[in-house]
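# fold the following for me, if possible:
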Amino acid sequence: MQRKEEVFDVVVVGGGGAGLAAAIEARETGRSVVLLEKNPALGGSTAWSIGSVSATQTPHQRRRGIEDCPEDHWADMPGFAGDLAGRDNEALRKILCDEMPATFQWLLDSGVRFMGPMPEPPHRQPRMHNVLPNSRSFIYHLGRRARRAGVDIRTSMRVSGIVQHEGRVTSVDAEGDSGWQRFTARGGVVLAAGDFTNNPDFKARFMGPQEAKVEGVNVTATGDGQRMAEALGARIVNGDLALGPEIRFMAPASETLVRRLPPWRWLAVFMAWSLDHLPAAILRPFMMKFLTTALAPSPTLFEAGAILVNRRGERFGNELDKPAWRLPDQPDKQGYIVIDRALAQRFSVWPDFVSTAPGVAYAYIPDYRQNRPDVYTEAETLEGLAQKLGLDATALRQSVASGRVRPLGEGPYVALGPVRSVFVHSEGGLMVDGQHRVLGGDDQPLPGLYAAGSTGQGGLLLKGHGHHLAWAFVSGRRAGRLAAQAAL
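Here you go, the predicted model:
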């Protein structure tokens, strides 16, 4: 098949945080760069994230008198991994920690603004910085920087294969609105296409058949980069590790106020000032708009006696025995968390909360009643609750009577949901070396092929908040710069 061919110094596959960082860095060396994104708009999993970035030696730390360093960051990270620490890639972890101070400043220079830092043990110092006003700020500001620099951004362009010539990766083939096209790179191809949380084949292969039924938060995270590189002999490491399956509330049908806020720099600056100066009572309602979107309900709900039922009103197992694994087998893959008056009162005040964003705030039953009427249903009787939700009243009453801890007590009763089971992100990335070159089956670099972000995670364990985005930006910048240098 004859394909139209275009030649650039660097070809970047993926338009999330890692891909944009790679494209910007490559272009700012003076090389020609094209970025190919399969979706109609830039964003990737970065746009779906909470937006935390963990870093040391930031202006935010210095303003609070916090003395911190990359060496301590590197030493603290294994504490998040626990028994898995032995599987970590220590060399890549050092790159991450060493490069984050400069990369954080690079984000600030790009127009991104943060609140924080927030404490998160076992970090010995507060290092978690949360983006303002939302995670789309990364894409907005980096997208603008990329366009100003002259990156050629092509959306709705699905890359399907990598081309080699005489043992070197030279091109990728992609399909867009105008048909098939070949993009050739003089320097290198950077794969920054995300993880495989929504690829059933990869999940079945690395995790198991039940995990394969669980959907990803980002429905377009299908492991395209991993799949194409494997065809050339590359290997995936830590493919069995992921955040999930976990139960999460369904996202609002319409975007929340916080998600709709435009990522203007002046607005982010005003928000940062407000967080430092306005009373908590004024800020709390705003934070609740963010905190009650699609976060995970606390397991203590089930430990305290809440029951989980499906769309027929039936319990389908022990709520403390991996309910997120069983929920995908239920009708519509959805369920409801049901509590009585006593539990509703208990989870209305500290220390029992419904959901949390670490270091930010806690959300309670009244917050869900006010901010998420679409996932909050209340009725005086079980029959009334069943009628409002379309559940079988007899089945619901039997479920309540068979509660794991005890039968639920008096009403009014509250149902939180629907909830579903999801993977938030997976750790299964291509094995790369310290220059982000993808390694083949003999652990030798595949010439001309680089990977960044989740695609090029290389066995690095990114537990704890703020490390996945940190790696996306660090590895993206480095991979783009190194691919550009190869075009000399």
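# do a quick rundown of the strands in the stretch 301-450 of the chain.
307-310, 334-339, 355-357, 361-363, 376-379, 413-423, 425-426, 429-430, 437-439, 445-451 (DSSP state E, counting those that start in this stretch).
# deepest-packed of these, please.
Ranked by mean neighbour count, those are led by strand 429-430 with a mean of 31 (mean count of other Cβ atoms under 10 Å). In short, each C-beta sits where N, CA and C put it, glycine included.
# can you give the distance of that strand from its chain's centre?
Offset of strand 429-430 from its chain centre (Cα atoms, centre = their mean, to the nearest Å): 16 Å.
# could you do stretch 73-86 as well?
Distance, centroid of stretch 73-86 to centroid of chain: 20 Å (Cα atoms, centre = their mean).
# stretch 242-252 now?
On Cα atoms, centre = their mean, the centre of stretch 242-252 falls 11 Å from that of its chain.
# list the contacts of it.
197, 207, 211, 214, 217, 292-297, 308, 323-325, 327-328, 334-335, 355, 372, 374-375, 416-428 (Cβ atoms under 8 Å, 6 or more residues apart in numbering).
# just to revisit the earlier point, dump the strands of the stretch 301-450 of the chain to CSV, plus mean pLDDT and distance to H467.
Below are those laid out as CSV (pLDDT from 0 to 100; distance: least, Cβ to Cβ, whole Å):
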stretch, mean pLDDT, distance to H467
strand 307-310, 97, 30
strand 334-339, 97, 29
strand 355-357, 78, 16
strand 361-363, 79, 21
strand 376-379, 96, 33
strand 413-423, 96, 17
strand 425-426, 93, 11
strand 429-430, 98, 13
strand 437-439, 98, 21
strand 445-451, 98, 17
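# in JSON lines: those, plus distance to V189.
Below are the strands of the stretch 301-450 of the chain laid out as JSON lines (distance: least, Cβ to Cβ, whole Å):
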{"stretch": "strand 307-310", "distance to V189": "45"}
{"stretch": "strand 334-339", "distance to V189": "40"}
{"stretch": "strand 355-357", "distance to V189": "36"}
{"stretch": "strand 361-363", "distance to V189": "42"}
{"stretch": "strand 376-379", "distance to V189": "48"}
{"stretch": "strand 413-423", "distance to V189": "27"}
{"stretch": "strand 425-426", "distance to V189": "22"}
{"stretch": "strand 429-430", "distance to V189": "12"}
{"stretch": "strand 437-439", "distance to V189": "9"}
{"stretch": "strand 445-451", "distance to V189": "6"}
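# those: which one's closest to A85?
A85 lies closest, by Cβ to Cβ, to one member of the strands of the stretch 301-450 of the chain: strand 429-430, at 17.5 Å.
# give me the beta-bridge partners of the residue lying closest to E230 once chain neighbours are set aside?
In this structure, E230 finds its nearest non-sequential neighbour in I236, 6.9 Å apart by Cβ to Cβ, 6 or more residues apart in numbering. I236 forms beta bridges with L430, as assigned by DSSP bridges.
# for I236, list the residues it contacts.
Here I236 is in contact with 202, 206, 226, 230, 428-431 (Cβ under 8 Å, 6+ apart).
# ok, back up a step: nearest to A486, of the strands of the stretch 301-450 of the chain?
If you check each of those against A486 by Cβ to Cβ, strand 445-451 wins as the nearest, at 7.2 Å.
# walk me through which strands that closest one pairs with, and which way each runs.
Strand 445-451 has these strand partners (DSSP bridges): strand 179-191 (parallel), strand 437-439 (antiparallel).
# report the buried residues of the longest one.
Along strand 179-191, the positions that meet the burial threshold by neighbour count (16 or more other Cβ atoms under 10 Å) are 181-191.
# from A229, how far out is the residue nearest to E230?
As judged by Cβ to Cβ, to the nearest Å, I236 and A229 stand 9 Å apart.
# identify the contacts common to those two.
In contact with both I236 and A229: L430, using Cβ under 8 Å, 6+ apart.
# name the member of the contacts of I236 with the most neighbours.
Comparing those by number of neighbours (other Cβ atoms under 10 Å), G429 comes first, having 34 neighbours.
# who's in contact with G176?
So G176 contacts 154, 156-158 (Cβ under 8 Å, 6+ apart).
# er, G116 actually
By Cβ under 8 Å, 6+ apart, G116 lies in contact with 60, 126, 128-130, 359.
# in CSV: those residues, plus secondary structure and neighbour count.
Formatted as CSV, those follow (DSSP: H, G, I helix; E, B strand; the rest coil; neighbours: other Cβ atoms under 10 Å):
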residue, secondary structure, neighbour count
H60, helix, 19
P126, coil, 19
M128, strand, 23
H129, strand, 29
N130, strand, 23
G359, coil, 18
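# what's the closest of those residues to H165?
H129 (43.3 Å).
# before we move on, back to that, determine which two of the contacts of G116 are furthest apart.
Every pair of the contacts of G116 checked by Cβ to Cβ; the farthest is H60 and G359, at 12.7 Å.
# which residues in the stretch 151-300 of the chain form strands?
So, for the stretch 151-300 of the chain - with DSSP E, counting those that start in this stretch - the strands run 152-154, 158-165, 168-176, 179-191, 215-216, 236-237, 242-243, 246-249.
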